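Peer 1: Build me a model:
(2 chains)
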Number of protein chains: 2
Amino acid sequence: MSLLVIGSVALDTIETPKGRTENSLGGSAVYIALAGSYFASPVRLIGVVGGDFPPEEMEFLRSRAIDLEGLEIIKEGKTFRWGGRYHTDLNMRDTLYTDLNVFEKFNPKVPASYRRSEFVCLGNIDPSLQSRVLGQIESPTLVVGDTMNYWIDRKYEELLKALRSFHILVVNEQEARAIAQEENLIKAGRRILQMGPRAAVIKKGEHGAVLLTEKAVFVSPAYPLQEIHDPTGAGDVFAGGFTGYLAKTRDLSEENLKRAVIYGSAMASFCIEKFGVDGLRTVTQAQIQERVREFRSFSHFDEV
Amino acid sequence: MSLLVIGSVALDTIETPKGRTENSLGGSAVYIALAGSYFASPVRLIGVVGGDFPPEEMEFLRSRAIDLEGLEIIKEGKTFRWGGRYHTDLNMRDTLYTDLNVFEKFNPKVPASYRRSEFVCLGNIDPSLQSRVLGQIESPTLVVGDTMNYWIDRKYEELLKALRSFHILVVNEQEARAIAQEENLIKAGRRILQMGPRAAVIKKGEHGAVLLTEKAVFVSPAYPLQEIHDPTGAGDVFAGGFTGYLAKTRDLSEENLKRAVIYGSAMASFCIEKFGVDGLRTVTQAQIQERVREFRSFSHFDEV
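Peer 2: Predicted structure coming up:
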């Protein structure tokens, strides 16, 4: 089942207590698409890069059956670059620089071949761009959208408008609280369900993720890793794995949404085990299945 | 099955965004004993109060089948009093005052009738007092112990000694990291398992709890409450419910430890729904069972 992804494509320089990587493949669209590529096919990517984007990474994305027709290349421009440094407490990071470059005037174009995409995952770009892209997709089966504090603070009205077309919102704790203007996370999630989405997934990083629907609450732990190399992209990978799994199974029942949360969490755990996207380069289906089984053992208890 | 509890007995004045309570029943031994009283019988309490301790609260504890022979009353002294104020973010609180009073020179005495207690839950008092009390119990089946940063910082050697007699350590995230001197929570837990305990339960407040044994990792979510009135005592209630459930079932298998974590989490959820110990005054067994069923629905997913 096809999965359309939109978001940033970047070259990241990342320092964590475990090491460093320089100008390596990153960006929300890349993380989402890579995670989704383990479930959905084709994955279609909408984004923009400069002439400096490494051809071998273009090849790598194609090797994962990611359709790059929607990846605009501005030859005379430079790719979006981000630099960040994580603290010993990996929940804290400093942004060292953000060079938007060609991403600054990103004007997403939806190729004709993408218009019938059935599953859509919108990375955290300007909500008015999210709405504009959505307007060009013919009745998608499922729209999963992300956002971030930057847009909540600056484009709240546009975000509210975009939210009305999201079937599922996937955000982190702070974003959920800010969107709903409510401190209690469960109440915040419930309020989001009145804003358009029929489900909300709230990502809590090392504390896992919470799925809220009108009737259900479901909580997934994070995979209890002993070695986290780089948390960058984990939230996007969650969204990509989550949406990809739904695209693969074409089942939007509550029970399957729960499974999708587990698959998203499993993919995120592969991501943070290595630097940048390296954890997503060569995962096998057997490894994914094994990790999902482990999640089961972490969270299930026998009844007496 | 008998459960011996030691810790503080206090009169707390608590302010939270939801309201205020003044000089109300509190203290780690009280929270542990009350939670344990829903599972184990008799519950035996070791603590100290002053002549000002309200007789009606003494009666209430007795009504929960809590044996108070080990509760020393220093008639001319005053009960330990603590005052705290929680922020809108309930993870943050300011201590307004700590009047140790009779608790300052707490010298726990184990009545002869307590010496054959089979299950023991040690609240976070001075680790040398924990060891001294333990030394007076004849071969307990299970010793569950708590501690806090105050002792980790000031009495690390005594704590290491006490830890060697704990079968299970129940602490929060910061405490686990400080004891193990390790930032990664899973590694910290593993290191604690080399310090004596055969299992460690790491409480993460609103993010639930993690159980670590040599072979297993188990993660319980916190009950997703929309209204938290007062988080005071939730960690102690978790420990009391956890140990009480094990005392009731007399089953120390890994599967039963998982269930005990869920029962502890369920009891903690009742605690924080009301002020002070009010949430633990009149819980029914049916309510506990119902909440455990809800935990199941929050965390189980069907396999495909």
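Peer 1: so which strand or helix has the spatially most central residue of chain A?
Peer 2: When CA atoms, centre = their mean is applied to chain A, the residue found nearest the centroid is residue A:236 (2.2 Å). Element membership for residue A:236, per DSSP states H and E: helix A:234-249.
Peer 1: Tell me which helix or strand comes right after that helix.
Peer 2: Counting by DSSP H and E, what follows helix A:234-249 is helix A:254-272.
Peer 1: How far away from the center of its chain is that following helix?
Peer 2: 12 Å (CA atoms, centre = their mean, to the nearest Å).
Peer 1: where do the strands sit along the stretch 101-250 of chain A?
Peer 2: A:119-122, A:142-145, A:168-172, A:199-203, A:209-213, A:217-220 (DSSP state E, counting those that start in this stretch).
Peer 1: So for chain B, which of these sits nearest?
Peer 2: With CB to the nearest CB as the criterion, chain B lies closest to strand A:217-220 of these, at 3.5 Å. The C-beta positions use only the backbone N, C-alpha and C, and glycine is treated the same way.
Peer 1: what packs against that closest one?
Peer 2: If contacts are counted by 3 or more CB pairs under 8 Å, 6 or more residues apart in numbering or on different chains; DSSP states H and E, strand A:217-220 sits against strand A:209-213, helix A:254-272, helix A:285-299, helix B:285-299.
Peer 1: Residues in contact with that strand: which ones?
Peer 2: When contacts are defined by CB atoms under 8 Å, 6 or more residues apart in numbering or on different chains, strand A:217-220 is touched by residues A:186, A:208-211, A:257-258, A:261-262, A:265, A:295, A:299, B:208, B:221, B:224, B:297-299, B:301.
Peer 1: Just the buried ones among those residues, please.
Peer 2: Buried members of the contacts of strand A:217-220, scored by 16 or more other CB atoms under 10 Å in any protein chain shown, are A:186, A:208-211, A:257-258, A:261-262, A:265, A:295, A:299, B:208, B:221, B:224, B:298-299, B:301.
Peer 1: Could you check how far residue A:86 is from residue A:276?
Peer 2: According to CB to CB, to the nearest Å, residue A:86 stands 13 Å off from residue A:276.
Peer 1: Which residues of the stretch 1-150 of chain A lie near chain B?
Peer 2: By CB under 8 Å from any CB of the partner chain, the residues of the stretch 1-150 of chain A that approach chain B are A:88, A:89.
Peer 1: what about whatever residue of the stretch 1-150 of chain A ends up closest to chain B, is that helix, strand or coil?
Peer 2: Nearest residue of the stretch 1-150 of chain A to chain B: residue A:88, at 5.7 Å (CB to the nearest CB). Following DSSP: H, G, I helix; E, B strand; the rest coil, we place residue A:88 in the coil state.
Peer 1: Give the residue spans of chain A that score low on pLDDT.
Peer 2: By pLDDT under 70, the low-scoring segments of chain A are A:304.
Peer 1: 90 instead?
Peer 2: Within chain A, the ranges that satisfy pLDDT under 90 run A:1, A:89, A:91, A:225-227, A:302-304.
Peer 1: Up against chain B, what does the stretch 151-300 of chain A have?
Peer 2: Counting by CB under 8 Å from any CB, the residues of the stretch 151-300 of chain A close to chain B are A:183-187, A:190, A:204, A:206-208, A:210, A:216-221, A:224-228, A:249, A:255, A:258-259, A:261-262, A:296-300.
Peer 1: Recalculate using a threshold of 6 Å.
Peer 2: The stretch 151-300 of chain A comes close to chain B at residues A:183-184, A:186-187, A:207, A:217, A:219, A:221, A:224, A:226, A:255, A:258-259, A:262, A:298-300, as judged by CB under 6 Å from any CB of the partner chain.
Peer 1: Can you list phi and psi of the closest residue to residue A:227 other than its chain neighbours for me?
Peer 2: Nearest residue to residue A:227, sequence neighbours excluded (CB to CB, 6 or more residues apart in numbering or on different chains): residue A:273, at 6.9 Å. When quoted as degrees, to the nearest 10, the phi and psi of residue A:273 stand at phi -70, psi -20.
Peer 1: Burial check on residue A:273, number of neighbours?
Peer 2: 18 (other CB atoms under 10 Å in any protein chain shown).
Peer 1: now do residue A:89
Peer 2: Neighbour tally, residue A:89, other CB under 10 Å: 10.
Peer 1: distance of it from residue A:287?
Peer 2: Taking CB to CB, one finds residue A:89 at 28 Å from residue A:287.
Peer 1: how about the closest residue to residue A:3 other than its chain neighbours, secondary structure?
Peer 2: Counting by CB to CB, 6+ apart, residue A:40 is the residue found nearest to residue A:3 once chain neighbours are left out, at 3.7 Å. On the three-state scheme (three-state DSSP), residue A:40 is labelled coil.
Peer 1: Quickly note the distance from residue A:40 to residue A:89.
Peer 2: Per CB to CB, residue A:40 is found 35 Å from residue A:89.
Peer 1: List the contacts of stretch A:34-47.
Peer 2: If you take CB atoms under 6 Å, 6 or more residues apart in numbering or on different chains as the criterion, stretch A:34-47 is touched by A:1-6, A:9, A:29, A:33, A:64-68, A:70-71, A:108, A:114, A:117, A:237, A:240-241, A:244-245, A:247-248, A:267, A:277, A:280.
Peer 1: just checking, which of those belong to helices?
Peer 2: The helices, defined by DSSP state H, take in A:29, A:33, A:237, A:240, A:241, A:244, A:245, A:247, A:248, A:267 from those.
Peer 1: Which pair of these spans the longest distance?
Peer 2: Using CB to CB, the ones in helices among the contacts of stretch A:34-47 span at most 19.2 Å, a distance reached by A:29 and A:248.
Peer 1: Pick out whichever of those two has more residues nearby.
Peer 2: residue A:29 (30 against 18).
Peer 1: Surely that one touches residue A:7?
Peer 2: Yes. Residue A:29 is within contact range of residue A:7, at 3.4 Å (criterion: CB atoms under 6 Å).
Peer 1: end to end, how far does stretch A:181-198 reach?
Peer 2: Taking CA to CA, to the nearest Å, the first and last residues of stretch A:181-198 lie 18 Å apart.
Peer 1: Would you pull up how far it lies from the middle of the chain?
Peer 2: Mean C-alpha position of stretch A:181-198 versus that of the full chain (CA atoms, centre = their mean) differs by 20 Å.
Peer 1: in that stretch, what's buried?
Peer 2: By 16+ other CB under 10 Å, the buried positions in stretch A:181-198 come out as A:182, A:184-193, A:196-197.
Peer 1: contacting residues for the residue in the stretch 51-200 of chain A that chain B sits nearest to?
Peer 2: Nearest residue of the stretch 51-200 of chain A to chain B (CB to the nearest CB) works out as residue A:186 at 4.6 Å. Shown in contact with residue A:186 (CB under 6 Å, 6+ apart): B:224, B:226.
Peer 1: re the thing from before, quick check: the two most widely separated of the buried residues of stretch A:181-198?
Peer 2: Of all pairs drawn from the buried residues of stretch A:181-198, the widest gap by CB to CB lies between A:184 and A:196 and measures 20.2 Å.
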